[in-house]
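Participant: have a look at this fold, sequence not included:
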């Protein structure tokens, strides 16, 4: 069932590449010792593991920006949803609600950040992580010290340099799969997004790859040659932001275990 957990190395993988893979696999709590023509079995995850969670309580002072971040590891690759007093967060922060179709054979470490730039009344914000039929949540109570609000349309359109809010730090799936790597960005004016492969080339040069308006990179028919760091760069007139996702194509199992 969990074919993506059969992490395999291709023949003649050099020592430097092996070290690079092992370094990234540690982000998934995976001990992946790559050897030529070897296959290491990675036990399937039975639960969602938080690697970073928002504080239980914090204060939002007028004129400041509060950042709430959730990071989690799960299989299938998890998605993150934010709630304010149990109501989904949409409007200007809708880009921080990551909704992706995830293959059951995938494994990933996801990072999602909610930016609170306007001082609102005290509220509970919840990070909900979903992985297949599994869910986990962590909440943070954000106190507004003066009770003031600024909900004007103008405040939503204030100049803002790009911030990447949702991405996978590491993503594993079976070769031959169609995968989607998120790069959800907030900024005003709307940032321009460019994805580059592990050679530094614009992915648009590969017919198997497509960048959606949402910022997601869709890769068809995942192959071993796709292994490596993919970078997403978001740019507008006020600055730029970049993240990287390490993509690992796994070899399907030849056994029934």
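Facilitator: Arrived safely, thanks for sending. Nothing here was measured: the structure is a model prediction, and the numbers come from that model. Residues are numbered from 1 along each chain as shown.
Participant: so which bits of stretch 126-136 are buried?
Facilitator: 126-131, 136 (16 or more other C-beta atoms under 10 Å). Backbone N, C-alpha and C define where each C-beta goes, glycine included.
Participant: that should have said stretch 58-76, apologies.
Facilitator: 60, 66, 68-76.
Participant: related to what we said a few turns ago, make CSV out of the buried residues of stretch 126-136 and add secondary structure.
Facilitator: Shown next, in CSV, are these (DSSP: H, G, I helix; E, B strand; the rest coil):
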residue, secondary structure
126, strand
127, strand
128, strand
129, strand
130, strand
131, strand
136, strand
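Participant: out of those residues, what pair is the most spread apart?
Facilitator: Maximum pairwise distance among the buried residues of stretch 126-136 (C-beta to C-beta): 16.3 Å, between 126 and 131.
Participant: picking up where we left off before, from the buried residues of stretch 58-76, which is closest to residue 216?
Facilitator: Set against residue 216, the nearest of the buried residues of stretch 58-76 by C-beta to C-beta is residue 76 (16.2 Å).
Participant: so that closest one: helix, strand or coil?
Facilitator: Under three-state DSSP, residue 76 comes out as coil.
Participant: so who does it touch?
Facilitator: By C-beta atoms under 8 Å, 6 or more residues apart in numbering, residue 76 lies in contact with 102-107, 131-132.
Participant: try residue 181
Facilitator: By C-beta under 8 Å, 6+ apart, the neighbours of residue 181 are 167-168, 171, 195, 216-217, 219, 230, 232, 245, 247.
Participant: can you list the residue ranges for helices in the stretch 51-200 of the chain?
Facilitator: Using DSSP state H, counting those that start in this stretch, the helices of the stretch 51-200 of the chain run over residues 153-156.
Participant: which stretches of it have low pLDDT?
Facilitator: Within the stretch 51-200 of the chain, the ranges that satisfy pLDDT under 70 run 90-101, 119, 146-157.
Participant: and the strands in it, which stretches?
Facilitator: 57-60, 66-74, 79-84, 87-88, 107-116, 123-131, 134-144, 160-174, 179-181, 183-188, 192-196 (DSSP state E, counting those that start in this stretch).
Participant: need the buried residues of stretch 58-76 in JSON lines with distance to residue 159, can you?
Facilitator: Formatted as JSON lines, the buried residues of stretch 58-76 follow (distance: C-beta to C-beta, whole Å):
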{"residue": "60", "distance to residue 159": "21"}
{"residue": "66", "distance to residue 159": "19"}
{"residue": "68", "distance to residue 159": "22"}
{"residue": "69", "distance to residue 159": "23"}
{"residue": "70", "distance to residue 159": "27"}
{"residue": "71", "distance to residue 159": "28"}
{"residue": "72", "distance to residue 159": "32"}
{"residue": "73", "distance to residue 159": "35"}
{"residue": "74", "distance to residue 159": "36"}
{"residue": "75", "distance to residue 159": "40"}
{"residue": "76", "distance to residue 159": "38"}
